[in-house]
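S.K.: Structure of the sequence below:
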Amino acid sequence: MTTEHSLTQRAAPPCLHFAVVFITHPEISEAMGAAPPCLHFAVVFITHPEISEAMGADAPAKAETLQFSTADVLEKLRSPQFIVFTVLWLVVTIVLATLKVDNLWHILTLIAWLLIGPCNIATNAKTFFKADIDDRATDSSSMFVLGSSAMMSWVFAKSINNASVLSAKYGIVGGFGYCAWYLSFVGSSVVIYRLRLKGYFSLPHMIFDRYGRWAQLLYCMANFYRLYTEVWSNTMTVSDFYGSRVESDKDYDRDWWTSNLLGLSIPLAYVFMGGMKSSIVSDAVQGTFTIAFLFIVLIYMTAMKDDNKYLNKHLEDNYVGSSWEVYNPVPSRAMLSLDGGMDLLAGGAVQGLLSYPFFDPVLTDRAFLTDPRTMARSFMIGGTFAGFIILCFGFLGIYGSMLGNCVNDGVCPESDLNGAILADVKAGKPFAVAKTMGETVLFLTAFIMILSSISTLDSTFTSTAKLLGPDMSGLWSWLNDIVTGKVSIRASTRGESIQKYMPLAMSEATDRHVWVGRLGMILMALIGTLPIMECPTQLSATTISGTVVMGLGAPIYMIGLLPDSWLWTRGTKRPLAFCTSFIFCAMMGICYQVRYSTKDCDGNLKYSYANVDFTPLTIGGGSYGMFLGTNVAGAMVSLVCWALFAKLDFCLFNEIPTLAEVNAAAAAKVKIYVADDQGAVSLIDAPGPAGESPASPGEIELLVTGSHL
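M.R.: Sure, this is the predicted structure:
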C-alpha cells in the first residue's frame, strides 16, 4: 500500500472502517450470516480486540472543562488575598474621595479590585497556558467561556474609538467598514479547524512542519510586532478620558500618563499571576458589564436625540433624514460608493478573511482550545457579538457628527455640547460625545472603554507568554546551540533536531516556560509603551499592521484548506513558499506605512519626500482607495509566491524527504469524528490499516516529483 493511499484512507469517515474489517477479515463476514447488522460490529469488537483498539472504539476519557460554581466563588471571596485586597481598595477609595478627585479614577480602582483581588496564582503550566480547558472539551460551558473570551479579546478600546470616528466620517457605512475586520473570526475558525483536524496544535507548529524554523522565526517576529502595537494603541484610548496633550512640549499631562500606566499595570498584574485562566475568567466578567452598560448608553442617547427638536429639524432640513441608518455626514457623497467608505469596508474584508486573523495570536491561541467543532461554533457566535458591539459604538460617532454639525451651523445651542470640544464631538471621539450627554453617560462610557482596554491587554500579555514560552521554545534551543557552537546556522531541521527545535504543545509546557512567559509579559509592557513618544494614531495599529503582514495569508490558509494529498510530504520543508510571500508583502507594507501613514505629533507626514508611489494601485477616489488597492495587490502577491515555491520541488533550501520521513508522514495523526453507541461524538486519531508496509524509494520519488505539489 502506498503512502498516498494510506493518507487518503485515514481521512475516510468512520462508517468505512467497518467495511475495511469485512474486506480484510472474510471469515468474520461469513460467520455473521444473516445476523442483524447492528450485532455485526459488537461481534467484531468482542472477538477481535485488536480491531477494537485500532479503530478507537474505547470511549475517550471525559474531557476537562473550565467550570464555575458557587462554592468556588465563595472560596475566593473568603481567601486572605481577597480580604487584604478589599481592605486596600477601601483605603484607596476613601483617600480619593477625600481628595475630591474626578470620579473616573474610581473606575480604575474598582476594576483592579474586581480582577486582581480574587485572582488565583497559576501553579502549573496547564493552568497558565490552557486555562485548564481540555482539547476535547465539547460542553456548553466551555463553548460559552471560549466564545465570551474571544468576543471580549476583540472588543478593543481602539476598535471602539475607530468605529465611532469612522461612523462620524461616513455614517453607518463607517461602522460596517470597521466591522469588516471581524470577518477574521470566520477566516481563523475555518482554517484552524482544518489545521487541527490535520493534527497541528498551533500555527507555529504547522509553519515549522511545513516551512522550517526560519519561516517560524519570521512568523513569531510578526506576532511579536502585533502584540506590541496592541499595548500602546489600547492604553492611549483610555488615557484620553483622564488627561490631554500639552501642546507646548509635545507631550501629555501627568493625569494622562498616570492613567496610562495604571491601565497597563492592572491587566499585567492579574495575568502575571494566573495566565490564560485569569484572562478567560476576566473576559466573562468584562463582557457582562460591557453589554449591559452599552445598551444603557444607547437607550439614553436615542432618547436625547429624539427629544432635541432643534437637532431633528436640522437633520430633516439638511440631510436625507434624522434616522441613524440614513444619516450621511456629506449629503453630496453617495453612501454606498467607494468615496462613501465602501473602500474601507472592502479593504477590511480582504484583510479580515485572508491575512489578519493569522496575525493575531490573541485570536489564534484561543482557536486551539476545546474541541475543534466547539471552537468553531464559539468563534462564530463570539465574532458575531463582537462585531455587533463594535457596530453599536458606531452610533456614538453618528450622534456626535449629527450634534456637532448642528451646533457648528448655529441651529443647536452651544450648551448642548455640555463643555465638550466641538471639533472632537464632530469627529466622533467617544469621550467627547459621551460628555455631551452628562456625567453618568461619560462614566459608563469610560467604564466600557477601560474594561475593553484591560480585556485586550490581558489577552495580549497571555499571548506574549505563550509566544516566548512554548511557541519559541525550539527556537531558543536552536539559537543557544548556535551560540555555543553545537550546530551550524545552516543545520537541517531534520532527524533528532525535529523534536528538539520544534514548538511545544501547550500541554507539554513546563514551569520553566511559565517563568519565561511571565518575564516576556514584563518586557512587552515596557517596550509596548515606547511608541507613545512618537504620537501614533490608534487606527494605524489596525490598517498599517495588517498591511505589513499581507504575506501571512496564503502560506497558512492554503495548508488548511487544501487536502494533504495535494501538498508536499508532511515533515519536509519548503521554506521559500512562506518566506518569499512574507518578505515581499512586508516590504510593500513597510513602504506604504513609511510614505503614507507615518506622521509626527502635528499630524503631518514625516517622510513625504520618500521616493515611493503607490498611486497606480489605488482603487476608486475614496480616502482608503490606496489602502484597498495595496491590500488586493498584496493578497495576490502572497498567493502567487506561495504557489510558485510550493509547486517547484527543486528550489533552494527545499528538503527532499527521506524514507523515514515518508513513513512518518503516513503515520501522522489525522483527526476524525466518531460516534459511540449512545450517539456521543468525539474527536480521535484516525486509525490506519494494520501491517502497512513502508514506502519504497520509487514511491518516495513519486511523492517528490509526481502529481504532488
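
S.K.: From now on I want contacts and neighbour counts done on CA atoms only, so please keep to that.
M.R.: OK.

S.K.: so where's the chain uncertain?
M.R.: For the chain, applying pLDDT under 70 flags the ranges 1-70, 72-73, 247-250, 490-499, 535-544, 599-603, 656-709.

S.K.: can you pull out the strands in it?
M.R.: Using DSSP state E, the strands of the chain run over 245-246, 251-252, 671-675, 681-685.

S.K.: what's in contact with the first one?
M.R.: Contact with strand 245-246 is made by 251-253, 256, as judged by Cα atoms under 8 Å, 6 or more residues apart in numbering.

S.K.: partners of that strand, with directions?
M.R.: Using DSSP bridges, strand 245-246 pairs in its sheet with strand 251-252 (antiparallel).

S.K.: Could you pick out the longest helix of this structure?
M.R.: helix 372-408 (DSSP state H).

S.K.: before we move on, back to that, can I get the contacts of strand 245-246 in JSON lines including distance to Val640 and neighbour count?
M.R.: Below are these laid out as JSON lines (distance: Cα to Cα, whole Å; neighbours: other Cα atoms under 10 Å):
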{"residue": "Asp251", "distance to Val640": "45", "neighbour count": "17"}
{"residue": "Tyr252", "distance to Val640": "46", "neighbour count": "18"}
{"residue": "Asp253", "distance to Val640": "49", "neighbour count": "15"}
{"residue": "Trp256", "distance to Val640": "47", "neighbour count": "20"}
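
S.K.: Tell me, how many residues neighbour the nearest residue in space to Leu519 that is not next to it in sequence?
M.R.: Nearest-residue entry for Leu519: Ala465, 7.9 Å, with adjacent residues in sequence omitted and distances by Cα to Cα, 6 or more residues apart in numbering. Counted with other Cα atoms under 10 Å, the neighbours of Ala465 add up to 29.

S.K.: Now do the same contact list for Ala465.
M.R.: 514, 516-521.

S.K.: Then Met301?
M.R.: With Cα under 8 Å, 6+ apart, Met301 has these contacts: 399, 437.

S.K.: re the thing from before, widest-spaced pair of the contacts of Ala465?
M.R.: The most widely separated members of the contacts of Ala465 are Val514 and Met521, with 10.7 Å between them, by Cα to Cα.

S.K.: ok, Leu353 touching Ser189?
M.R.: No. Look at Leu353 against Ser189 with Cα atoms under 8 Å: they stay out of range, at 10.6 Å.

S.K.: Which one's more surrounded, those two?
M.R.: Ser189 (25 against 21).

S.K.: Please name the nearest non-neighbouring residue to that one.
M.R.: Ala376 (5.1 Å).

S.K.: ok, the one you found to Val483 distance?
M.R.: To Val483, Ala376 is 42 Å away according to Cα to Cα, to the nearest Å.

S.K.: With neighbour numbers in mind, choose between those two.
M.R.: Remark: of Ala376 and Val483, Ala376 carries more neighbours, 23 against 12, as counted by other Cα under 10 Å.

S.K.: OK, contacts around the more buried one?
M.R.: 189-190, 193, 367.

S.K.: Mind putting those into CSV with distance to Leu504?
M.R.: Converted to CSV, the contacts of Ala376 look like this (distance: Cα to Cα, whole Å):
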residue, distance to Leu504
Ser189, 21
Val190, 23
Tyr193, 19
Ala367, 16
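
S.K.: Looking at these, which two lie furthest apart in space?
M.R.: Longest span within those, Cα to Cα: Val190 and Ala367, 10.1 Å.

S.K.: For the two, work out which one has more neighbours and name it.
M.R.: Ala367 (27 against 20).

S.K.: Could you check how far that one is from Lys466?
M.R.: Taking Cα to Cα, one finds Ala367 at 13 Å from Lys466.

S.K.: for Lys305, same thing?
M.R.: If you go by Cα to Cα, the gap between Lys305 and Lys466 works out to 47 Å.

S.K.: what does Ser244 give?
M.R.: Distance from Ser244 to Lys466, by Cα to Cα: 35 Å.

S.K.: how many neighbours does the nearest residue to Tyr310 once chain neighbours are set aside have?
M.R.: Sequence neighbours aside, Cys412 is the residue nearest to Tyr310 in space, at 5.7 Å (criterion: Cα to Cα, 6+ apart). Neighbour count for Cys412, taken as other Cα under 10 Å: 21.

S.K.: Could you double-check that Ala367 sits in contact with Val191?
M.R.: No. Look at Ala367 against Val191 with Cα under 8 Å: they stay out of range, at 10.0 Å.

S.K.: Pick the one among the contacts of Ala465 closest to Thr109.
M.R.: Met521 (21.7 Å).

S.K.: unless I'm mixing things up, that closest one is touching Thr464, no?
M.R.: Yes. Here Met521 reaches Thr464: they are 6.1 Å apart, a contact under Cα under 8 Å.

S.K.: Neighbour count for the two, which is higher?
M.R.: Remark: of Met521 and Thr464, Thr464 carries more neighbours, 27 against 24, as counted by other Cα under 10 Å.

S.K.: send the alpha carbons of stretch 167-175 over as PDB?
M.R.: Only the C-alpha atoms of stretch 167-175 are listed here, as PDB (Å, rounded to 0.1, in the frame of the first residue of the first chain):
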ATOM      1  CA  SER A 167     -19.000  56.400  11.700                       C
ATOM      2  CA  ALA A 168     -18.800  60.100  12.300                       C
ATOM      3  CA  LYS A 169     -17.000  60.400   9.000                       C
ATOM      4  CA  TYR A 170     -19.100  58.000   6.800                       C
ATOM      5  CA  GLY A 171     -22.300  57.300   8.700                       C
ATOM      6  CA  ILE A 172     -23.300  53.700   9.300                       C
ATOM      7  CA  VAL A 173     -21.100  52.600   6.400                       C
ATOM      8  CA  GLY A 174     -18.100  53.600   8.600                       C
ATOM      9  CA  GLY A 175     -19.300  51.300  11.400                       C
END
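
S.K.: and that stretch, how far out from the chain's middle?
M.R.: Centroid displacement of stretch 167-175 relative to its chain, using Cα atoms, centre = their mean, to the nearest Å, is 24 Å.

S.K.: which residues are contacting that stretch?
M.R.: Applying Cα under 8 Å, 6+ apart, the set of residues contacting stretch 167-175 is 163-164, 166, 324-330, 335-336, 340-342, 344-345, 390-391, 393-395, 397-401, 426-428.

S.K.: Now the buried members of those residues.
M.R.: Listed as buried from these are 163-164, 166, 327-329, 335, 340-342, 344-345, 390-391, 393-395, 397-401, 426-428; burial here means 16 or more other Cα atoms under 10 Å.

S.K.: Can you give me every residue that contacts the nearest residue in space to Val238 that is not next to it in sequence?
M.R.: Distance criterion Cα to Cα, 6+ apart; nearest residue to Val238, sequence neighbours excluded, is Ile450 at 5.8 Å. By Cα under 8 Å, 6+ apart, Ile450 lies in contact with 108, 157, 238, 263.

S.K.: can you put the residues you listed in CSV and add distance to Leu99 and neighbour count?
M.R.: What follows is these, written out as CSV (distance: Cα to Cα, whole Å; neighbours: other Cα under 10 Å):
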residue, distance to Leu99, neighbour count
Leu108, 16, 19
Ala157, 28, 27
Val238, 22, 27
Gly263, 21, 24
